[in-house]
Each structure stands twice: as C-alpha cells, then as structure tokens.
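I would like to see how this sequence folds:
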Amino acid sequence: MNKIILRNIENPNSHCIEEYIKAGGYKALERAVNEMTPRDIIDDINRSGLRGRGGAGFSTGLKWQFASLDPKFPRYIICNADEGEPGTFKDRVILERNPHQMIEGMVISAYALQSIRGYIYLRAEYPHVEKILNDAIEEAYENGFLGNDIMSKHFRFNLSVHRGAGAYICGEETSLINSLEGKRGEPRVKPPFPVNAGAWSKPTIVNNVETYANITYIVETAPRTYKLLGTKDSPGTKLFCVSGAVNKPGVYELPLGTPLREIIYNHCGGIRGGRALKGVIPGGLSTPILTPEHLDCHMDYVGLVQHGSMLGSGAIMVFDDTMCIVKIYERAMRFFEHESCGKCTPCREGTGWMRTILGRIEDGMAEMEDLDTLEDVANNVVAKTFCPLGDGAAHVLLAAMKHYRTEFEYHVKHKKCEAADPSQKWGQK
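Residues are numbered from 1 along each chain as shown. The predicted structure follows:
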C-alpha cells in the first residue's frame with residue numbers, strides 16, 4: 001500500500017522543504033488555489049469521509065461546513081499538536097519527519113475557510129519539535145506558501161507555533177483554546193462549539209496533526225480515490241502506534257478497518273518472548289481495554305464501538321500474561337487524578353476516590369466490598385463531567401473490572417497479584 005501520511009519518510013531530509021517539493025509537496029495547495037473555490041474544497045473533504053484523527057472521529061468536512069456558514073470574521077485555524085494521551089506517539093513522527101505536509105494541509109484549510117491566522121498548539125514535552133516546526137514555517141514563508149501573497153493569488157495566511165505548558169487537559173479543544181488565549185486550561189461548556197465561538201469568540205477549526213496531513217492527498221487525488229482505502233464508514237489510512245509486549249513496536253500506517261490480530265501478529269511480530277496475550281488497549285489509555293477474545297475486531301470508528309471500546313488516537317498498548325491489570329489501572333488513575341483540571345466535582349473527586357481504592361487493593365489492604373464501592377464511584381462519574389477526561393477514566397476502569405473481575409477479586413482475597421503467582425494460571429480462580 002502506498003503511504004499517504006508517512007510518504008517520503010525514509011528520506012533523512014524529508015523535513016526540509018526542498019525534499020518535500022521534490023516529492024510533490026505543495027502541489028495540492030497549488031491546485032486548491034488555482035483550480036478550486038473554497039466551497040469546492042469543503043465539498044471534497046465532505047465527500048472523502050475524512051474523520052478527525054484526534055480521537056472523537058467527527059466528520060472533518062461537516063466541521064468545516066459549520067464554520068464556513070458562520071458570518072463572523074476573522075476565522076482561526078488551529079492544529080492540535082498537544083499529543084498527551086498515554087501510549088500515543090503518532091503525531092510526533094509527522095511533526096519530526098513530515099512537518100510540511102501538515103503545514104500544507106493547514107494552508108489549504110485556511111483557503112477553504114477564508115482564514116488569515118493559524119496556530120500550531122505544540123505539546124510542551126516536544127521542545128525539539130518546536131525548532132523543526134519553526135524552521136519549516138520559515139521555509140514556507142520564504143517560498144511563498146505562507147504570508148500575504150500566497151501563490152501570487154492575494155491569499156494571505158500567517159502561522160505560528162504556540163507551546164503549551166504540559167497540561168493533558170489541553171488536548172481537549174476548548175481547554176486548548178482557553179490556554180491559547182492566555183487563560184487557565186479548562187474545558188468550556190458546549191454548545192456553543194468552537195466552529196461558532198472558538199478562539200476570541202470567533203469561528204475556529206481545531207483539527208489534529210494527522211487530520212491535516214490527510215488533506216493534501218484528498219485535494220491531490222479526489223475524494224473517490226481516498227474512499228478506496230479503509231472502510232465505508234471509516235475511509236482512509238490511520239497511524240497506529242503500537243507499544244508494550246510486542247516484538248516490533250512502532251508507528252504503522254494501515255487502512256482503517258485492519259483487524260487488531262493482523263496488526264499485533266503480522267505487522268508487530270507477535271507477543272514478545274512467545275508469551276500469551278492478556279489484554280489490549282486499542283486507542284490510548286482513555287479507551288476501554290479489550291481481551292484476547294476481541295482480537296478479530298476491526299480497527300475503525302465503528303468496529304471498536306461494537307466491541308465496547310473506541311479507536312481514540314489509535315495507540316495500541318499490548319499486555320502479556322505477566323502484567324498486572326490492577327497495577328496498570330492504579331497507575332492510570334494516578335495519571336487521570338493528577339491531570340484533572342479540577343473544574344467539575346465528579347472528575348476532581350471521582351478520580352481521587354478511584355485512585356485511593358485501587359491503591360488499597362494493590363497494597364493488599366482492601367476488602368471485597370471495596371470492589372462494589374469502586375464500581376459505584378466510577379458509575380457516578382460517567383456522563384457527569386464537563387469534558388471526556390473524568391468520563392474516560394471511569395469508563396476504562398469499569399471495562400477493566402468487567403473483563404478482569406477475577407484478577408481484582410484475587411488481589412483482594414490473596415493480597416497479591418494473580419499474574420505474579422506461579423501457582424495460578426491467569427484467568428482462573
């Protein structure tokens with residue numbers, strides 16, 4: 001399969017504009033500006049079926065359409081490069097190796113939305129990427145792809161990098177916008193949505209790094225070509241970043257709908273050391289865990305929902321039979337508690353309670369009724385938070401307790417982990 005997002009990545013200088021142009025870079029922008037109207041571009045993105053690659057999977061074309069219908073100006077284009085989801089490192093590859101493909105996608109978006117100002121909101125933990133991006137932006141200005149007279153068509157768009165402060169919550173679009181405006185990184189109540197009242201209360205498009213990287217291919221080749229990849233409801237390719245107990249961890253670009261089994265055992269070479277598979281988190285830490293019985297699920301926006309999980313960021317975290325599920329989620333809840341912005345009570349208090357009870361179970365201090373309390377707390381967080389952070393924390397814990405109940409019970413009864421007990425076979429009482 002020809003790569004869309006990672007094309008030309010083997011070239012050690014792929015981040016340089018000269019190499020990007022040699023490989024056909026900025027041809028899509030040239031076509032967009034010279035041959036298409038803003039409405040044509042939005043219609044093509046709509047017909048392509050491109051869904052946002054940041055986690056929610058919302059239709060990119062519809063988002064653009066909503067913003068284009070709002071009469072307010074100026075309109076803002078924002079790239080969410082705040083890749084903070086544990087287990088996720090796909091956007092980093094684009095930012096380091098293919099920054100111009102993302103920039104070109106943003107400029108095309110700006111032309112479609114008639115925007116003159118854009119921002120790349122960069123994760124604080126990627127300081128080396130800031131220089132790469134600033135160099136790429138400078139190259140784009142020097143070559144006439146950014147600035148006041150793009151492609152000599154009196155189309156202007158200015159772009160800069162805004163570095164975040166290290167808050168996981170700023171991966172949520174309204175928290176990101178608050179942070180960009182110089183406010184505390186907290187989510188806003190929706191509606192209104194950013195497409196109508198985003199940055200400085202103006203229409204704002206927030207898309208993920210990987211989403212913008214898809215735009216150039218769609219404009220270059222036409223929507224029908226893009227839709228030949230992936231599935232009917234989830235067209236295109238996806239970057240899957242695989243970590244954990246596999247022989248070949250890494251970032252893989254594959255068509256959406258690729259079976260989870262194929263990714264783990266064909267592309268990633270199977271489980272490290274020939275051990276048994278215990279579980280898989282399919283889309284980053286905030287997506288519900290799957291068991292070996294779910295291996296034949298299709299990795300797309302529809303297939304994973306049918307198996308009780310979500311595609312999320314496409315970060316596949318693989319666990320073998322030596323790993324303790326209770327410990328994994330105790331650590332996960334420490335993360336969610338620490339990263340909660342504290343704005344809403346269910347998330348602020350609920351993540352703390354869940355972490356405390358999980359710690360008690362892990363330390364051998366729990367009683368069996370603590371498991372019921374843990375479920376009760378999680379259920380009282382679900383669907384009661386401003387943003388998906390607390391909701392996601394509760395959902396993933398409930399999924400773990402559903403699929404690995406015997407392990408939680410073993411911890412409570414025997415004051416140790418079943419996976420670490422050589423006298424026990426995992427999954428049996």
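
rest of the way, CA atoms for contacts and neighbours
Will do.

Residue 323 versus residue 71, what's the distance?
Residue 71 is 54 Å from residue 323, where distance means C-alpha to C-alpha, to the nearest Å.

and residue 149, that one's in a strand?
Yes: assessed with DSSP: H, G, I helix; E, B strand; the rest coil, residue 149 lies in a strand.

residues contacting it?
By C-alpha atoms under 8 Å, 6 or more residues apart in numbering, the contact set of residue 149 is 155, 156.

Check for me that residue 165 belongs to a helix.
No: assignment of residue 165 by three-state DSSP gives coil, placing it outside any helix.

correct me, but it touches residue 122?
No: the pair residue 165 / residue 122 is not scored as a contact, 9.2 Å apart, by C-alpha atoms under 8 Å.

more neighbours, the two?
Neighbour count, other C-alpha atoms under 10 Å: between residue 165 and residue 122, residue 122 has more, with 25 against 14.

mind checking how far that one is from residue 83?
Counting by C-alpha to C-alpha - residue 122 and residue 83 are separated by 8 Å.

again with residue 155
Counting by C-alpha to C-alpha, the separation of residue 155 from residue 83 is 30 Å.

Comparing the two, which residue is more hemmed in?
Per other C-alpha under 10 Å, whichever of residue 155 and residue 83 has more neighbours is residue 83, with 25 against 18.

And for the spatially closest residue to residue 400 that is not a sequence neighbour, the neighbour number?
Spatial nearest neighbour of residue 400, excluding adjacent residues (C-alpha to C-alpha, 6 or more residues apart in numbering): residue 289 at 6.3 Å. By other C-alpha under 10 Å, 31 other residues sit near residue 289.

for residue 27, same thing?
Neighbours of residue 27 (other C-alpha under 10 Å): 15.

who does the host helix or strand of residue 318 touch, helix- and strand-wise?
Taking DSSP states H and E as the definition, residue 318 sits inside strand 315-320. In terms of contacts (3 or more C-alpha pairs under 8 Å, 6 or more residues apart in numbering; DSSP states H and E), strand 315-320 is packed against strand 237-244, strand 277-281.

which outside residues touch the longest one?
Outside of strand 237-244, the residues within contact range by C-alpha under 8 Å, 6+ apart are 4-5, 53, 87-90, 210, 229-230, 249-256, 268, 314-319.

Please apply the same query to stretch 266-281.
Here stretch 266-281 has contacts from 242, 245-250, 252, 264-265, 287-292, 315-321, 323, using C-alpha under 8 Å, 6+ apart.

Any of those residues buried? List them.
Among the contacts of stretch 266-281, those classed as buried by neighbour count (16 or more other C-alpha atoms under 10 Å) are 242, 245-250, 252, 264, 287-290, 315-321, 323.

Give me the mean pLDDT for stretch 401-412.
In this model, stretch 401-412 has an average pLDDT of 96.

Please disregard the earlier target; I meant stretch 222-238.
The pLDDT scores in stretch 222-238 average 95.

Quote the end-to-end distance of it.
In stretch 222-238, first residue to last residue: 18 Å (C-alpha to C-alpha).

Tell me where the model's unsure across this protein.
The model of the chain has pLDDT under 70 over residues 1, 420-429.

which strands and helices sit next to the longest helix belonging to it?
In the chain, assigned by DSSP state H, the helix with the most residues is helix 345-362. Where contact means 3+ C-alpha pairs under 8 Å, 6+ apart, helix 345-362 is packed against helix 325-339, helix 369-381, helix 388-403, helix 405-414.

Would you mark the buried spots in the first one?
The one in question is helix 325-339. Along helix 325-339, these residues count as buried under the neighbour rule (16+ other C-alpha under 10 Å): 325, 326, 327, 329, 330, 332, 333, 334, 335, 336, 337, 339.

measure the fifth one to residue 287 for me?
As for residue 330, its distance to residue 287 is 15 Å (criterion: C-alpha to C-alpha).

Then the first one?
Plainly put, residue 325 is 15 Å away from residue 287 if you go by C-alpha to C-alpha.

domain ranges for the chain?
Under automatic domain parsing, the residue ranges defining each domain of the chain are 17-226, 237-320, 325-420.

Show the end-to-end separation of the shortest one, please.
With C-alpha to C-alpha applied, domain 237-320 spans 27 Å between its terminal residues.

May I ask which helix or strand encompasses residue 24?
Secondary structure (DSSP H and E) places residue 24 outside all helices and strands.

My error: substitute residue 105 in the last question.
Element membership of residue 105, judged by DSSP H and E, is helix 99-113.

who does that helix touch, helix- and strand-wise?
When contacts are defined as 3+ C-alpha pairs under 8 Å, 6+ apart, helix 99-113 packs onto helix 27-35, helix 38-48, helix 60-69, strand 76-81, strand 117-122, helix 127-142, strand 155-163, helix 209-221.

Put together JSON lines for these, with distance to residue 394 on each row.
Shown next, in JSON lines, are those (distance: least, C-alpha to C-alpha, whole Å):
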{"stretch": "helix 27-35", "distance to residue 394": "43"}
{"stretch": "helix 38-48", "distance to residue 394": "34"}
{"stretch": "helix 60-69", "distance to residue 394": "28"}
{"stretch": "strand 76-81", "distance to residue 394": "25"}
{"stretch": "strand 117-122", "distance to residue 394": "27"}
{"stretch": "helix 127-142", "distance to residue 394": "32"}
{"stretch": "strand 155-163", "distance to residue 394": "30"}
{"stretch": "helix 209-221", "distance to residue 394": "27"}
